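S.K.: give me the fold of what follows.
(one chain, ligands or ions: 2)
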Amino acid sequence: MAKAPMRVAVTGAAGQIGYSLLFRIANGDMLGKDQPVILQLLEIPDEKAQKALKGVMMEIDDCAFPLLAGMTAHSDPMTAFKDIDVALLVGARPRGPGMERKDLLEANAQIFTVQGKALDAVASRNVKVLVVGNPANTNAYIAMKSAPNLPAKNFTAMLRLDHNRALSQLAAKVGKPITSIEKLCVWGNHSPTMYADFTHATIDGQPANTLVNDQAWIKDVYLPTVGKRGAAIIEARGLSSAASAANAAIDHVRDWVLGTNGKWTTMGIPSDGSYGIPEGTMFGYPVTTENGEYKIVQGLEIDAFSQERINLTLKELLEEREGVKHLVG
Ligand SMILES: NC(=O)C1=CN([C@@H]2O[C@H](COP(=O)(O)OP(=O)(O)OC[C@H]3O[C@@H](n4cnc5c(N)ncnc54)[C@H](O)[C@@H]3O)[C@@H](O)[C@H]2O)C=CC1
Ligand SMILES: O=C([O-])CC(=O)C(=O)O
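M.R.: Ligands and ions are numbered 1, 2, ... in the order given. Now for the predicted structure:
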C-alpha cells in the first residue's frame with residue numbers, strides 16, 4: 001500500500017537555496033523514493049516574492065514529480081506550518097561580502113521567534129525542524145525557545161554543510177574517496193569557530209591522524225579552509241552558497257528520518273550536557289541516527305587541542321545567546 005504523504009514546509013521558498021532544494025524534495029531525495037510529499041511553501045507577504053514563488057511552483061508542476069501529492073503557497077507561517085512533519089527554515093537574509101554570520105543576528109532573530117511560535121501552535125507534535133537561515137545555531141535556539149510545547153529535541157541547526165566540506169577537504173588531502181572516511185565530525189557553531197575534528201576518524205580503516213600526520217596543515221590550512229568556506233564562496237560567486245547548502249539540508253533530514261546505519265554524521269542539536277556543553281546550547285555534535293531519532297556519540301577522548309577549539313566555539317555561541325536573551329524571555 002502506498003505510504004501516506006508527509007507534509008514538508010519550506011520557508012524562503014523563492015530564494016536561492018529554495019530553488020535548489022524544492023525539486024530534490026519533490027523528487028524523493030530527502031524522504032525516500034517511496035514517500036509522497038506535500039509541499040507547504042512560505043514566502044514573505046510581498047508581491048514580488050509571492051510572484052517569484054508562483055513561478056517556482058509552475059516549474060515544479062512542469063516536472064510532473066510522481067511523489068508530489070500537493071503543493072500550496074503561503075505568506076503566513078500559521079497556515080504554512082499546519083500539520084507539518086518536517087520544517088526547513090531557510091528564509092532569512094543572507095550575508096554579503098565582509099559580513100560575519102552573527103552580523104545577521106538582529107535582522108533574522110525576529111523571524112525565528114514568530115516561526116517558533118507558529119510551529120508550537122500548528123505543526124505535528126513530532127515535527128522535525130531544521131534551521132538553515134543564519135546564524136543557524138542561534139536561530140534554531142530561538143525557534144526552540146519560542147515553542148515550549150514541542151520537544152526541544154525536535155529543533156536542529158545545519159552543520160551538515162560544514163561536515164561535508166570537512167569530508168571533502170580531507171579526502172582531497174589524502175587522495176582517497178569520500179566514502180573511505182568514517183567518524184569525522186564538526187563541533188559547535190556554524191561559523192569560522194567550528195571545529196572540524198578527524199582525531200577519531202578512519203580512512204579505509206586506518207587512523208586518519210596517522211595518514212595525515214601534519215599538525216601544521218590541520219591548524220593553518222584545513223581548519224581555516226573549512227571554517228571560512230562560506231566566505232570564500234561569497235567572494236567567488238558574489239552570492240552565498242546555495243546548491244551545496246540545499247544538498248546539505250537534504251542530507252541532514254534524510255539521515256535524521258531514514259537513519260545512518262551506525263555511521264557518524266554531524267547535527268546541530270540542543271545539548272543534553274554531553275562533553276561539558278551547557279544543556280540547551282544548540283551545538284554541533286557527532287551523532288548516529290536510527291528510527292527517526294539522533295543519538296550523540298558518547299565516550300570520545302577529547303585531546304587538549306580539540307578541547308581548546310571546542311571551548312572557543314562554545315564561547316561564541318554563548319555570546320550569541322546572550323545577545324538574543326531579550327527575545328527568548
Ligand atoms: N546553515 C548553513 O550551512 C547555510 C545557511 N545559509 C543561510 O540560508 C539563508 C537563505 O539563503 P539564500 O536562499 O541564499 O537567501 P535568498 O535571499 O536567496 O533567499 C531567502 C528567501 O527568504 C525569504 N524570506 C525572508 N524572510 C522570510 C520570512 N520571515 N518567512 C519566509 N521567507 C522569508 C526571502 O524573501 C527570500 O526569498 C540565509 O540566512 C543564508 O545565510 C546559506 C548557506 C548555508
Ligand atoms: O557563509 C554564508 O554566509 C553562507 C553559509 O552559511 C555557508 O556557506 O556556510
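
S.K.: mind listing the strands for the protein?
M.R.: For the chain, strands defined by DSSP state E occupy the ranges 6-11, 37-42, 68-74, 86-89, 128-131, 155-157, 181-182, 185-187, 195-197, 202-203, 206-207, 265-270, 282-290, 293-296.

S.K.: could you report the neighbour count for Ala196?
M.R.: Under the neighbour criterion other C-beta atoms under 10 Å, Ala196 is assigned a count of 26. To be clear about C-beta, it is placed using only N, CA and C from the backbone, and glycine gets the same treatment.

S.K.: need the strands of the chain in TSV (columns: distance to Arg165 and mean pLDDT).
M.R.: Supplementary listing: the strands of the chain in TSV, determined by distance: least, C-beta to C-beta, whole Å; pLDDT from 0 to 100:
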stretch	distance to Arg165	mean pLDDT
strand 6-11	23	99
strand 37-42	28	99
strand 68-74	31	98
strand 86-89	20	99
strand 128-131	17	99
strand 155-157	16	99
strand 181-182	13	98
strand 185-187	9	98
strand 195-197	8	98
strand 202-203	17	98
strand 206-207	21	98
strand 265-270	11	99
strand 282-290	13	98
strand 293-296	20	98
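
S.K.: which one of those lies nearest to Glu322?
M.R.: Comparing these by their distance to Glu322 (C-beta to C-beta), the top pick is strand 282-290, with 13.8 Å.

S.K.: list the buried ones in the closest one?
M.R.: Residues of strand 282-290 classed as buried: Met282, Phe283, Gly284, Tyr285, Pro286, Val287, Thr288, Thr289 (neighbour count, 16 or more other C-beta atoms under 10 Å).

S.K.: what's the answer for stretch 173-187, then?
M.R.: Across stretch 173-187, burial judged by 16+ other C-beta under 10 Å covers Lys173, Lys176, Ile181, Glu182, Lys183, Leu184, Cys185, Val186, Trp187.

S.K.: that stretch vs ligand 1: in contact?
M.R.: No: using C-beta under 6 Å from any ligand atom as the criterion, no contacts between stretch 173-187 and ligand 1 are found, and the smallest distance is 10.7 Å.

S.K.: before we move on, the earlier item: in JSON lines, list the strands of the chain along with distance to Ala107.
M.R.: JSON lines is the format used below for the strands of the chain (distance: least, C-beta to C-beta, whole Å):
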{"stretch": "strand 6-11", "distance to Ala107": "15"}
{"stretch": "strand 37-42", "distance to Ala107": "18"}
{"stretch": "strand 68-74", "distance to Ala107": "21"}
{"stretch": "strand 86-89", "distance to Ala107": "15"}
{"stretch": "strand 128-131", "distance to Ala107": "15"}
{"stretch": "strand 155-157", "distance to Ala107": "17"}
{"stretch": "strand 181-182", "distance to Ala107": "36"}
{"stretch": "strand 185-187", "distance to Ala107": "25"}
{"stretch": "strand 195-197", "distance to Ala107": "27"}
{"stretch": "strand 202-203", "distance to Ala107": "41"}
{"stretch": "strand 206-207", "distance to Ala107": "43"}
{"stretch": "strand 265-270", "distance to Ala107": "20"}
{"stretch": "strand 282-290", "distance to Ala107": "19"}
{"stretch": "strand 293-296", "distance to Ala107": "30"}
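
S.K.: turn these into TSV, including distance to ligand 2.
M.R.: Below are these laid out as TSV (distance: least, C-beta to the nearest ligand atom, whole Å):
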stretch	distance to ligand 2
strand 6-11	16
strand 37-42	20
strand 68-74	25
strand 86-89	14
strand 128-131	11
strand 155-157	11
strand 181-182	20
strand 185-187	11
strand 195-197	13
strand 202-203	24
strand 206-207	28
strand 265-270	12
strand 282-290	12
strand 293-296	21
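
S.K.: close to ligand 2: what parts of the protein are there?
M.R.: Residues of the chain lying near ligand 2 (C-beta under 6 Å from any ligand atom): Pro94, Arg95, Arg101, Asn134, Leu161, Gly230, Ala231, Ile233, Ile234, Ser240, Ser241, Ala245.

S.K.: tally of neighbours for the fifth one?
M.R.: The number of residues packed near Leu161 is 25, by other C-beta under 10 Å.

S.K.: before we move on, what about the last one?
M.R.: A count of nearby residues for Ala245, using other C-beta under 10 Å, gives 25.

S.K.: how about the residues of the stretch 51-200 of the chain by ligand 1?
M.R.: On the criterion C-beta under 6 Å from any ligand atom, ligand 1 has as its neighbours in the stretch 51-200 of the chain the residues 90-92, 94-95, 111, 132-134, 136, 158, 161, 190.

S.K.: from those, which is closest to ligand 2?
M.R.: Taking C-beta to the nearest ligand atom as the measure, ligand 2 sits nearest to Arg95 out of these, at 4.3 Å.

S.K.: nearest spatial neighbour of Asn291, skipping sequence neighbours?
M.R.: Gly259 (6.9 Å; C-beta to C-beta, 6 or more residues apart in numbering).

S.K.: thinking the one you found is in contact with Val287, fair?
M.R.: No: counting by C-beta atoms under 8 Å, Gly259 sits too far from Val287 to count as a contact (11.2 Å).
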